[in-house]
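Colleague: here is a sequence together with a model predicted from it:
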Amino acid sequence: MAVLGVRVRLGAGATVDDVRALKTWLERDEPLEDLVSRRHLRIDAKPGTDGPPGRLGPGLDLVLEILGDVVTVAALTEYTARAVKTWTNNRRRLQGGDPEPRIRPLDPDGE
């Protein structure tokens, strides 16, 4: 069965702590929080799959995996993009720099 969801990758300026902070932010952001609490969505940090060899950054992606038929990939992408933008703006204001987040649908053939 194909895995549906989105992948969030932070760029070279990000740290493992940034990945953890963003994961926590996403888990608490409405409507993602509702999907997680009702077990319709799982958010995991996983090793990056398609970065160039020796790339800088934490080497972790956040994978938001849809577990039910309650949300579309398009809607999940929109919710995630909005939450990531808010988190990025807060991080930039507090810490400076830009983690250069990228959001894309999961590859249904291999995540």
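Modeller: Ah, there it is. This one's a predicted model, so the numbers in the text were calculated from it and none came from an experiment.

Colleague: and Arg38, what does it touch?
Modeller: By CB atoms under 8 Å, 6 or more residues apart in numbering, the contact list for Arg38 reads Val70. No exception for glycine: its C-beta is placed from N, CA and C like everyone else's.

Colleague: what ranges do the helices span in this protein?
Modeller: 16-28, 32-37, 73-95 (DSSP state H).

Colleague: now render the ones you listed as CSV, adding mean neighbour count.
Modeller: Below are those laid out as CSV (neighbours: other CB atoms under 10 Å):
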stretch, mean neighbour count
helix 16-28, 16
helix 32-37, 17
helix 73-95, 15
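
Colleague: what would these look like in JSON lines with distance to Pro105?
Modeller: Output for those, formatted as JSON lines (distance: least, CB to CB, whole Å):
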{"stretch": "helix 16-28", "distance to Pro105": "16"}
{"stretch": "helix 32-37", "distance to Pro105": "16"}
{"stretch": "helix 73-95", "distance to Pro105": "5"}
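
Colleague: of these, which is nearest Leu4?
Modeller: For Leu4, the closest of these is helix 73-95, at 5.5 Å, according to CB to CB.

Colleague: tell me the average confidence for stretch 64-78?
Modeller: Taken as a whole, stretch 64-78 has a mean pLDDT of 95.

Colleague: off-centre distance for it?
Modeller: With CA atoms, centre = their mean, to the nearest Å as the basis, stretch 64-78 stands 12 Å off its chain's centre.

Colleague: list of residues touching it?
Modeller: Counting by CB under 8 Å, 6+ apart, 3-8, 26, 32, 35, 38-44, 79-80, 103, 105-106 sit against stretch 64-78.
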